[in-house]
Structures are given as structure tokens and as C-alpha cells.
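Visitor: no FASTA, just this:
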């Protein structure tokens, strides 16, 4: 298999779908024709390919572009296994990944976020982090990511309409104005991006925590904040310090998987507040909310709580604990 004459290399944190879209545009060929050349018969655009990119495709891309195989592998979400979560796959998709809802090459869900300012740059591309629940901002431009066309509400589908246009109404997405992100959320996400890149966890009082445990803690706190029922008490306790948290969903039944990027950003405001001065930012606020450990981490089959979070909950928020006052 010979190398291509035109062979764009993957950009920092770029997803495999973004990389393939850029290659097709540079070569002046259709996306489906490009896939036939790489791996004949592979159904790529009919599934969440960032999540389930097959090894044979990544290997073919590495050969055709001259990119080292390990670098090519970093364009798929599986590259974050052992860091973001133990397993990231289509068979066991975690709450960490925002679903696309792919059906017959059409995306029904709003799982691919974008930054209008990034798309307006000379080389537009999509980082893998824009598929992740805990990463709702663009740290380069300090804005909240967008996940739909503001004119028609369609999900962002760059493989159909190109990087910069809505495939349904042809709106130029670079003309949209994204909301400014909370500085504290940007600080937490910038830290988290470095952890995904291989740096150690350096969050105050949680230095050296294993990355999987650290991200699992964030997700547990995220779920506690957005949960219905008892979660309202946690939000009420957060209100004096960060204001009212409001959530919107793109489905009739509210769920984390259907949250908008703005709602995810609001939830991360609460997560960042609870992580401050660990564990007393969490303990103090839960004391005000009169929330016990089971409210923060409900007992769920197959769900393991990181030790750092479980230890804080057992020490301070279990009924009968000498510190639970």
C-alpha cells in the first residue's frame, strides 16, 4: 500500500472523523470513495466511528499518510482507555461520551459539539474532547461549545455538510456567536485536557490521584448535581456561591445523554465548586443540603465509586460517623 501524495497529518487531539474529512477535502474526493480506498467494504459513516474505529482502518491511515501508528491510534476515543475510563467502546459506551444516535448515516442526537471560532480558522478541525461529557468548552477561545444549528436546530454533521456549514439549512456556522464560558470551568477543563495528554492529576489536594479515579469522581459529582429529586437540594446549596443551575435536554425524558452543551457547562460549574479544597468543599455543601452519601453516589449495580470519593463520603457523610454533624 503506497503513500498518498496529499496526506494531511492529524492535528492536536484531532478525532479520526475530522482527520478523514480533512483528507477527503484535501484530495478532492468523496468521503465514501476515500473509505473504499482505505478499507473496502467498511461501514464507517453509518456508526459512531470516533468510538469504534477498527484497527485495520487506523493501520491503513498510518501507511497512507506516513503517520506513526501510535499517533494514528490517538485519533480514536479508545486512546483514552486507562485514563478517562477503563473501557471506552461501542459495546460499553460510558456516560463520558456524548452519543451521536447514528441511524442510516443520519445523526439523531447532538453528540458532536463545535466552536464557531475554531471552525472559522484557516484549518478547521474537531478535537476528540468535543465528544466528551466533561469537556463542554473551547479552552482556546473561552467559550461554551455549541451542539446544534441555531436556525434549524439540526445536529452538527460535518461529514455531510462540511466543517463550516449546517447540512440541513446551509447556515454558515462560523457566523454564530458562542456564549462565554465560566473561568472556573475553563480552568478545570484545561487541567483535564493535560491529564488526557498524559500529565499527572495536579488538582489541589487531589495531586497524584489516578486519572480514571479523578474523572470518575467528576462524573459522580456531575450526576449528583443534575439528578432529579434529591439533586435539587445539592443545587440549592450551590446556589449562594455559583447561582442557579438550569438544565435543558434534547429529549422528552431528561437524561445525562440528552443534555445540551450549555447544561453540561452549568453542571461542571457545580463540579468545580465541589472539588475546591477537597474534601471540605463537598462535605460543607452537603452538610448545608443535609445530603447523605447515598444521595451523592446512589448504590447502583456495576457502578464503582473511586476510593478518594468513597473515603470522603464514608468519613463525613455516613449516618453514625463521628464527623457527620
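Guide: Now that the structure is in, tell me what you want to look at. Since the structure is predicted, the reported quantities are computational estimates derived from the model, not experimental observations.
Visitor: run a quick neighbour tally on residue 46.
Guide: With neighbours defined by other CB atoms under 10 Å, the count for residue 46 comes to 12. Backbone N, C-alpha and C define where each C-beta goes, glycine included.
Visitor: shouldn't it be in contact with residue 102?
Guide: Yes. Here residue 46 lies in contact with residue 102, judged by CB atoms under 8 Å, at a distance of 6.4 Å.
Visitor: mind checking pLDDT for residue 322?
Guide: In this model, residue 322 is scored at 43, pLDDT.
Visitor: go on, residue 159?
Guide: Looking at residue 159, its pLDDT is 89.
Visitor: surely it is within a helix?
Guide: Yes. Secondary structure assignment places residue 159 in a helix (DSSP: H, G, I helix; E, B strand; the rest coil).
Visitor: would you confirm that it contacts residue 17?
Guide: Yes. Between residue 159 and residue 17 there is a contact under CB under 8 Å: 6.5 Å.
Visitor: compare those two (neighbour count), which wins?
Guide: Between residue 159 and residue 17, counted using other CB under 10 Å, the more crowded position is residue 17 (24 against 20).
Visitor: state the distance from that one to residue 252.
Guide: 28 Å (CB to CB, to the nearest Å).
Visitor: check residue 224 too.
Guide: Here the criterion is CB to CB. By it, residue 224 lies 23 Å from residue 252.
Visitor: residue ranges with poor pLDDT in this protein?
Guide: Low-confidence regions of the chain, defined by pLDDT under 70, span residues 1, 90-94, 104-105, 292, 295, 298-304, 318-325.
Visitor: show me where it has helices.
Guide: In the chain, helices defined by DSSP state H lie at 16-27, 31-38, 49-52, 55-65, 69-73, 116-119, 158-161, 183-196, 211-226, 231-242, 261-275, 280-289, 293-296, 307-316, listed in chain order.
Visitor: which of the ones you listed sits closest to residue 7?
Guide: Closest to residue 7 of the helices of the chain is helix 55-65 (CB to CB; 4.1 Å).
Visitor: what packs against that closest one?
Guide: helix 16-27, helix 31-38, helix 69-73 (3 or more CB pairs under 8 Å, 6 or more residues apart in numbering; DSSP states H and E).
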